[in-house]
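quick one, structure for this:
(chains A and B)
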Amino acid sequence: MRVMMTAAVLAGVGLGIKAAADRRAKQRDRRANGRWLAVTVCKPVDEVGAEGRLPEPLARLGDHVETRVTSAPADRGTELYARPRAPSPSGEDLRSLRVALREAKSIIETGEVVQADAHPSAHPGPAGKLLAMANRKAKGVGRL
Amino acid sequence: MKALCWEGINEVAVEHVPDPTIQNAHDVIVKVSLSTACGSDLHLLTGHIPFMEAGDVIGHEFCGEVVDVGRAVTKHKPGDRVVVASFIGCGSCWYCKHDQWSLCDNSNTNPGHTDLLWGASPGGIFGYSHAMGGFKGSHAEYIRVPFADTTAFRIPEPVSDMSALFASDSVPTGWMGADLGGVQPGDVVAVWGAGAVGQMAARAAQLLGAERVVVIDRFDYRMKAARDAFGVETLDYSQTDVGAELREMSAGRGPDVCIEAVGCEAHSSGPQYVYDQVKSKLKLETDRPIAVREAIQACRKGGSVFVLGVFTGWVDKFPLGALMNKGLTVRGAQQHGQRYIPMLLDRIALGDVHTDYLATHVLPLDEGQRGYDLFKKKDDGCLRTVFRPASS
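Numbering: from 1, shown residues only, chains lettered A, B, ... in the order given. Predicted coordinates for the structure are as follows:
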């Protein structure tokens, strides 16, 4: 029991730090509205945005985002930029855009988006449930 | 199937969990024949890495037999014996194409966690927390291997599973430390840590031409194993002044290359250890970088320090002055296994690298808790606990 309580406390501390980081990320998102988000795709330009076509995760966002595609320096491939046309005050659209950019890059480079293993833990406990919530958001946050 | 799961601080247990299935076109399913505990697992067990859920399957260093393949897999078929790199590499991103496989852009399913912690996310790894992808680990009867064409390697016929097992992580990690640390013929190389990775780094340094290789630890049986296996020299840091010994062994210069294979929960004797213990307990630093400090201090002017041990966050009293004023090169990395595994399997087949002796305790999964206790407490001469899931 003591061990489980220690684990829960540690997980709680970790998640508290994570929550604070998420708050800072949201503040950053608000400040970043209007800034381009970008990924560098390890493919030539014509395989990234040929004739204005973009892969499904980005295309799905339709006219809500504007994109630009340029050749990256040296052997780095192609720079794929995107930003919301009308940024929301909450920054939620930036999180959707990060997911779309990351998935687009993965699909163009590998042909797929790797999935987390199915069948998560059957008894994650309270701390694990909090962590699972953070995991669900993890593709929409970060430095991108 | 049976799997060994993390249940909380220093607590593991065997659970019945659903069998893995093919989820992506590049996946294979491997029936695990052998899976070893790794020193870095101890950071999970101690709660040092908080991104774990009770019930997560652990283990990341393993080999086995392919039993199912996804439709896009071209290099593997059912029946193949394979050893699997602990880091999952897509093979298509810029980092994989430049042989920096543990930095893969596409294999971590939760990139936001480490993006926020470290400024960028490394690749995914089996059984090593949700910050590193949340993939299930290898202490199980079966495991799903994503991007299998570039993550799993066929084991050459003369190499046994037990020899190949350590080509999954400890051998390539050690080799990387010597290779990217820049070991040259004639060098004096010091390795902190006589665990499996440290011993493999020492062997790699020998094979890359080092004149003198010194392994530093405090456990007699581990240092003896290194001496017996490869004829390296050893120093017991609890009994001697390591810096003075290394200066004498290198005629006053200091080692040309220092390889740290200890990690974030380092031990030492003296007040420094107490200081780091207090700071880490108070959460004023996350990791104890004792061996890194010593390596930087001991290294010759213009030399190279490679950090192989796993670190998670922030450290205190980092000797930046020594690093800068001595003109050192300091590098670190999680293992770029795919870069080295084929070459290392050939070397294992040729007898250049012996690995079987590392498996001091071979146990069924049902003895998982005992296996980790032996490994953590360094009891009964334990170098590595190896699990045989099929015999559970």
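
low-scoring stretches of chain A, by residue?
Regions of chain A meeting the criterion pLDDT under 70 cover residues A:1-33, A:51.

can you point me to the longest helix in chain B?
helix B:337-350 (DSSP state H).

which helices and strands sit right next to the helix or strand that comes right after that one?
Downstream of helix B:337-350, the next assigned helix or strand under DSSP states H and E is strand B:359-363. Packing partners of strand B:359-363 (3 or more Cβ pairs under 8 Å, 6 or more residues apart in numbering or on different chains; DSSP states H and E): helix B:368-377, strand B:384-387. For glycine as for every other residue, the C-beta is placed from the backbone atoms N, C-alpha and C.

what segments of chain A are helices?
Applying DSSP H to chain A gives helices spanning A:2-32, A:56-59, A:92-110, A:125-137.

for residue B:18, which residues are in contact?
A:118-119, B:1 (Cβ atoms under 8 Å, 6 or more residues apart in numbering or on different chains).

now restrict these to buried residues only.
residue B:1 (16 or more other Cβ atoms under 10 Å in any protein chain shown).

so can I have TSV of the contacts of residue B:18 showing distance to residue B:371?
Below are these laid out as TSV (distance: Cβ to Cβ, whole Å):
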residue	distance to residue B:371
A:118	27
A:119	24
B:1	18
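
which strands or helices does the helix or strand where residue B:125 lies pack on?
For residue B:125, the element it lies in under DSSP H and E is strand B:124-125. The helices and strands touching strand B:124-125, judged by 3+ Cβ pairs under 8 Å, 6+ apart, are strand B:87-88.

same for the strand it packs on, what does it pack against?
On a contact count with 3+ Cβ pairs under 8 Å, 6+ apart, strand B:87-88 meets strand B:124-125.

next one: residue B:50 from chain A, what distance?
With the distance defined as Cβ to the nearest Cβ, to the nearest Å, residue B:50 ends up 3 Å from chain A.

just the C-alphas of the longest helix of chain B, formatted as CSV.
Written as CSV, here are the backbone C-alpha positions of helix B:337-350 (Å, rounded to 0.1, in the frame of the first residue of the first chain):
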residue,chain,number,x,y,z
GLY,B,337,21.2,0.2,-32.7
GLN,B,338,20.3,-0.2,-36.3
ARG,B,339,23.6,1.4,-37.3
TYR,B,340,25.6,-1.4,-35.6
ILE,B,341,23.5,-4.6,-35.2
PRO,B,342,24.3,-6.3,-38.5
MET,B,343,28.0,-5.7,-38.0
LEU,B,344,27.8,-6.8,-34.4
LEU,B,345,26.0,-10.0,-35.2
ASP,B,346,28.8,-10.8,-37.6
ARG,B,347,31.4,-10.1,-34.9
ILE,B,348,29.5,-12.3,-32.5
ALA,B,349,29.4,-15.1,-35.1
LEU,B,350,33.2,-14.7,-35.5
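
other residues contacting it?
With Cβ under 8 Å, 6+ apart, helix B:337-350 has contacts from B:83, B:85-87, B:89, B:91, B:96, B:99, B:101-102, B:150-151, B:153, B:155-156, B:158-159, B:163-164, B:167-169, B:171-173, B:175-176, B:179, B:207, B:353-355.

how far out from the middle of the chain is that helix?
Here helix B:337-350 shows a centroid-to-chain-centroid distance of 16 Å under the convention Cα atoms, centre = their mean, to the nearest Å.

got it, and stretch A:54-67?
Put simply, stretch A:54-67 sits 15 Å off its chain's centre (Cα atoms, centre = their mean).

that stretch vs chain B: in contact?
No. Judged by Cβ under 8 Å from any Cβ of the partner chain, stretch A:54-67 stays clear of chain B, getting no closer than 13.1 Å.
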